[in-house]
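Asks: no sequence for this one, just the structure:
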């Protein structure tokens, strides 16, 4: 039917247990409707119908849709999409975030594989995905062992379509798989939530690309594991215990090698100053105010998290970044108690600073 026989009505909110918004239109007397979870999605769908009508597109009398909007199941596999998503996220992500994305994509990919002949073991697939597929540069841009390349080729053929995630049962199965560790026991709540965040973000990207109509992961009624924010006082060392532990650390590796003695300043900064490990590693002498008596201070402006060479742009174990969850140039002044001042003064007197801007506790 021609668009002259089409009428598009407005968006209407439906009073249901789960609020939704409906779009209704008619083609040659036949009435059609679609429902959406948000008004923005419904408005967007109505706009596309109106545009097709104005441009004189043919509307199908059975589906009620113009040719440009006919539902077509995406031929893109989950694995191919995951590689595209990784390439989009990698340049702007912190090294630890890259590691988390890699882990989440690996878990979901393993769950979205069909049975095909020649399947490698789960361990081989996981190793190929973790170490070769979901890192940049990717397997197409570097030399890859033959067994890994063959395994990734099998994964590309066995990966289910991305559009399968739109099925509630499939989405729930994938989410449930995130709750388990490799040995089948329950995963930590924070690990599950972190993996789910990556999956939700990936599905949003699929919506942006037009591969999915809406995010199917957020539509699933799935119980998120609860994360405790309470600190158990039974496992926190008191000041006397902390001093004893620092004394014990100083004996690690022998006196001449001084491995343990170098660590005393690091752990003291974490306990008595409340610094994150990456903040303590990033401290330089010029960031410290260490008077001979009384309280001192530390000016925090960078972190050096240890994340592994494959996740950093520099290829070094430590990445050089700004403060966590703050703008890159942000600075935070931290008061440090007299005991920590004494420890840091002794550390500098014994080991030096390695240069004005070099980290003193690394």
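Replies: Perfect, thanks for sending it. Not measured: the values here are computed from a predicted model.

Asks: got phi/psi on residue 96?
Replies: When read as degrees, to the nearest 10, the backbone of residue 96 gives phi -60, psi -40.

Asks: pretty sure it is touching residue 308, no?
Replies: No. With contact defined as C-beta atoms under 8 Å, residue 96 and residue 308 do not form a contacting pair (9.5 Å). Glycine gets a C-beta too; all of them are placed from N, C-alpha and C.

Asks: more neighbours: which of these two?
Replies: residue 96 (17 against 14; other C-beta atoms under 10 Å).

Asks: which residue comes closest to the more buried one once chain neighbours are left out?
Replies: With C-beta to C-beta, 6 or more residues apart in numbering as the criterion, residue 96 has its nearest non-adjacent residue at 5.3 Å, and that residue is residue 307.

Asks: so who does the one you found touch?
Replies: Applying C-beta atoms under 8 Å, 6 or more residues apart in numbering, one finds that residue 307 lies in contact with 95, 96, 98, 99, 317, 318, 319.

Asks: any idea how far residue 146 is from it?
Replies: Taking C-beta to C-beta, to the nearest Å as the criterion, residue 307 is separated from residue 146 by 29 Å.

Asks: quick one: mean pLDDT for stretch 226-244?
Replies: In this model, stretch 226-244 has an average pLDDT of 83.

Asks: what residues does that stretch touch?
Replies: Stretch 226-244 has contacts (C-beta under 8 Å, 6+ apart) with 189, 190, 193, 245, 271, 272.

Asks: how about 7 Å then?
Replies: 189, 190, 193, 245, 271 (C-beta atoms under 7 Å, 6 or more residues apart in numbering).

Asks: repeat for stretch 173-189
Replies: Contacts for stretch 173-189 (C-beta under 7 Å, 6+ apart): 107, 108, 111, 112, 192, 195, 196, 220, 222, 225, 226, 227.

Asks: just the buried members of those?
Replies: The neighbour count (16 or more other C-beta atoms under 10 Å) marks 107, 108, 111, 112, 192, 195, 196 as buried among those.

Asks: tell me where the model's unsure across the stretch 1-150 of the chain.
Replies: Applying pLDDT under 70 to the stretch 1-150 of the chain flags residues 1-6, 8, 10, 14-19, 70-74.

Asks: if you set the cut-off to 90 instead, what comes out?
Replies: 1-75, 92-96, 115-118, 139-142 (pLDDT under 90).

Asks: what is the burial count for the closest residue in space to residue 259 that isn't next to it in sequence?
Replies: In this structure, residue 259 finds its nearest non-sequential neighbour in residue 253, 3.2 Å apart by C-beta to C-beta, 6+ apart. A count of neighbours around residue 253, defined by other C-beta under 10 Å, yields 14.

Asks: and the gap between residue 253 and residue 264?
Replies: 12 Å.

Asks: ok, back up a step: helices - which of the contacts of stretch 226-244 land there?
Replies: 189, 190, 193, 245, 271 (DSSP state H).

Asks: check contacts around the second one.
Replies: When contacts are counted by C-beta under 7 Å, 6+ apart, residue 190 touches residue 227.

Asks: and the gap between it and residue 200?
Replies: Distance from residue 190 to residue 200, by C-beta to C-beta: 15 Å.

Asks: pretty sure residue 130 sits against residue 102.
Replies: Yes. The pair residue 130 / residue 102 is scored as a contact, 6.1 Å apart, by C-beta atoms under 7 Å.

Asks: neighbour count winner among those two?
Replies: Ranked by neighbour count (other C-beta under 10 Å), residue 130 and residue 102 place residue 102 first, with 21 against 16.

Asks: report pLDDT for the residue nearest to residue 259.
Replies: Looking at residue 253, its pLDDT stands at 82.

Asks: helix/strand/coil for it?
Replies: Under DSSP: H, G, I helix; E, B strand; the rest coil, residue 253 falls in the coil class.

Asks: going forward, begin numbering at 18 instead of 1
Replies: Taking 18 as the first residue, the last one we looked at is residue 270.

Asks: give me the phi and psi for it.
Replies: Residue torsions, per degrees, to the nearest 10, at residue 270 are phi 80, psi 0.

Asks: distance of it relative to residue 278?
Replies: In terms of C-beta to C-beta, residue 270 sits 8 Å off from residue 278.

Asks: in the protein, which spans are helices?
Replies: Taking DSSP H as the test, the helices found in the chain are 56-71, 95-106, 112-128, 139-145, 163-175, 185-194, 206-225, 256-266, 276-290, 294-298, 355-368.

Asks: just give the number of residues close to residue 26.
Replies: 14.

Asks: I meant residue 68, not that one.
Replies: 13.

Asks: which residue ranges make up each domain of the chain?
Replies: Described in terms of automatic domain parsing, the domain architecture of the chain consists of the residue ranges 20-86, 95-225, 253-368.

Asks: and the last one, how far from the chain's centre?
Replies: The reference is to domain 253-368. Offset of domain 253-368 from its chain centre (C-alpha atoms, centre = their mean, to the nearest Å): 27 Å.

Asks: that one spans what distance, first to last residue?
Replies: Start-to-end span of domain 253-368 (C-alpha to C-alpha, to the nearest Å) is 29 Å.

Asks: over to the residue nearest to residue 113: give its phi and psi.
Replies: Torsion angles, degrees, to the nearest 10, at residue 324: phi -130, psi -10.
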